[in-house]
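> Predicted model and sequence follow; I will ask about them next.
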Amino acid sequence: MTTASSPVPFHAALERDLKSGALALTLAKIAEEAARLILPYWRAGTAVETKSDDSPVTQADRAAEALILERLAAAYPGVQTVAEEAVSESGAPASAEDWFWLIDPLDGTRGFVRGGEAFTVNIALMHAGYPVAGVVTAPATSTTWRTDKPEGGAFRRQFGALQAGEAHAGEDWRPIRVRDRPQEGLALLSHSVTDEEAVRLAARHGCTRWQGTDSSLKFCLIAEGRFDAYPRTGPTSEWDTAAGQAVLEAAGGRVLADDGQRLSYGKPRFLNGAFVAMGG
């Protein structure tokens, strides 16, 4: 007599694939698929709506989120999801579970609508209040940054376009690492701050120069050793930062809250306070 095997609990599957590095590769594949879906909307005059928090949303945001949620549910069923557009439409969960996804299907929508390149797809796996895996993809430049297995470092690649209906991987993954802090550090800042505030924030974190850019791209540019700090005083949502934090920490960087502790997740309404992301 044979009996059907019991299904593997979702957390066991997550832990198995997290430990092997397979989970990060799965997330990269999903994020790159979402990036390919987003690109036809870019610089195409796509309609823009305004959400209740006065932020913009487009069909690209919604279509990418639907795809990501479908792929994650197929790969790892049963894991709580906290995704930007779903929260906007239906509200945030009352609390975070031990394992959950944080998803921003199109971070930097304002820049996306303007035709800028600094918009990203963000997917992160959270466990016990912190990111344990993450991927950030920049559709406009066909670039993906990801974590690996725990303590396995961070990686980047240029991914391939669709050819004859098939997705080509593109370049091989190459490791990235934060740089040691140079004598004159270079900060990245949100475009929402004034020049005066930018100078003050950069100097506060030991940087003599600064540059403005949008989205979670800031975390990734620090992770690959091109910049040194990203201070943020204005509010952000946890899905804005989780994947970038995962990549930066895997590359040897840190993301600290205003109290000097590692930025944590599952906070009330899934909102962040002030923080600073730093390289070496």
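Now that the structure is in, tell me what you want to look at.
> Burial check on Glu238, number of neighbours?
Per other C-beta atoms under 10 Å, the neighbour tally for Glu238 reads 26. The C-beta positions use only the backbone N, C-alpha and C, and glycine is treated the same way.
> So for the closest residue to it other than its chain neighbours, what pLDDT did the model give?
Among residues not flanking Glu238 along the chain, Phe270 sits closest, at 4.4 Å (C-beta to C-beta, 6 or more residues apart in numbering). Listed pLDDT for Phe270 reads 97.
> ditto for Asp61
Among the per-residue scores, Asp61 holds a pLDDT of 96.
> In this protein, where is pLDDT below threshold?
For the chain, residues meeting the criterion pLDDT under 70 lie at 1-8, 10, 161-170.
> just the strands in the stretch 1-150 of the chain please.
Applying DSSP state E, counting those that start in this stretch to the stretch 1-150 of the chain gives strands spanning 48-50, 56-58, 80-83, 99-107, 120-127, 130-138, 143-147.
> other SSEs contacting the second one?
In other words, strand 56-58. When contacts are defined as 3 or more C-beta pairs under 8 Å, 6 or more residues apart in numbering; DSSP states H and E, strand 56-58 packs onto strand 48-50, helix 109-114.
> Export these as CSV, with columns for mean neighbour count and distance to Pro182.
Converted to CSV, those look like this (neighbours: other C-beta atoms under 10 Å; distance: least, C-beta to C-beta, whole Å):
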stretch, mean neighbour count, distance to Pro182
strand 48-50, 11, 40
helix 109-114, 19, 28
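> Any idea which of those gets closest to Lys29?
Proximity of the helices and strands packed on strand 56-58 to Lys29 was assessed by C-beta to C-beta; the nearest stretch is helix 109-114, lying at 21.9 Å.
> what sits up against that closest one?
The set of residues external to helix 109-114 that reach it, using C-beta atoms under 8 Å, 6 or more residues apart in numbering, is 42, 46, 48, 55-58, 60-61, 106, 117-119, 191, 214-215.
> which one among these gets closest to Ile222?
Ser215 (13.2 Å).
> Let me see the contact set for the closest one.
Taking C-beta under 8 Å, 6+ apart as the contact definition, Ser215 lies against 107-108, 111, 118-120.
> picking up where we left off before, can you say which of the strands of the stretch 1-150 of the chain is nearest to Asp240?
Judging those by C-beta to C-beta, what sits closest to Asp240 is strand 99-107, at 5.9 Å.
> what lines up beside the closest one in the sheet?
strand 80-83 (parallel), strand 120-127 (antiparallel) (DSSP bridges).
> Switch those strands over to CSV; also include distance to Ala203 and mean neighbour count.
CSV is the format used below for these (distance: least, C-beta to C-beta, whole Å; neighbours: other C-beta atoms under 10 Å):
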stretch, distance to Ala203, mean neighbour count
strand 80-83, 35, 19
strand 120-127, 27, 28
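> Output the ones you listed in CSV; the columns should cover distance to Glu15.
Output for the strands paired with strand 99-107, formatted as CSV (distance: least, C-beta to C-beta, whole Å):
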stretch, distance to Glu15
strand 80-83, 16
strand 120-127, 9
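> of all these, which lies closest to Thr143?
The stretch from the strands paired with strand 99-107 with the least distance to Thr143 (C-beta to C-beta) is strand 120-127; that distance is 9.2 Å.
> thinking Pro182 is in contact with Phe227, fair?
No. At 10.4 Å, Pro182 and Phe227 do not qualify as touching, with contact defined as C-beta atoms under 8 Å.
> ok, which stretches of the stretch 151-280 of the chain are strands?
Using DSSP E, counting those that start in this stretch, the strands of the stretch 151-280 of the chain run over residues 154-158, 162-163, 166-167, 174-176, 185-189, 207-212, 229-232, 236-237, 254-257, 271-272, 275-278.
> and among those, the most buried is which?
Per residue and on average, the most neighbours among these fall to strand 229-232, with a mean of 25 (mean count of other C-beta atoms under 10 Å).
> re earlier: distance to Ala92 added to the strands of the stretch 1-150 of the chain, as JSON lines?
Formatted as JSON lines, those follow (distance: least, C-beta to C-beta, whole Å):
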{"stretch": "strand 48-50", "distance to Ala92": "19"}
{"stretch": "strand 56-58", "distance to Ala92": "16"}
{"stretch": "strand 80-83", "distance to Ala92": "7"}
{"stretch": "strand 99-107", "distance to Ala92": "11"}
{"stretch": "strand 120-127", "distance to Ala92": "14"}
{"stretch": "strand 130-138", "distance to Ala92": "18"}
{"stretch": "strand 143-147", "distance to Ala92": "25"}
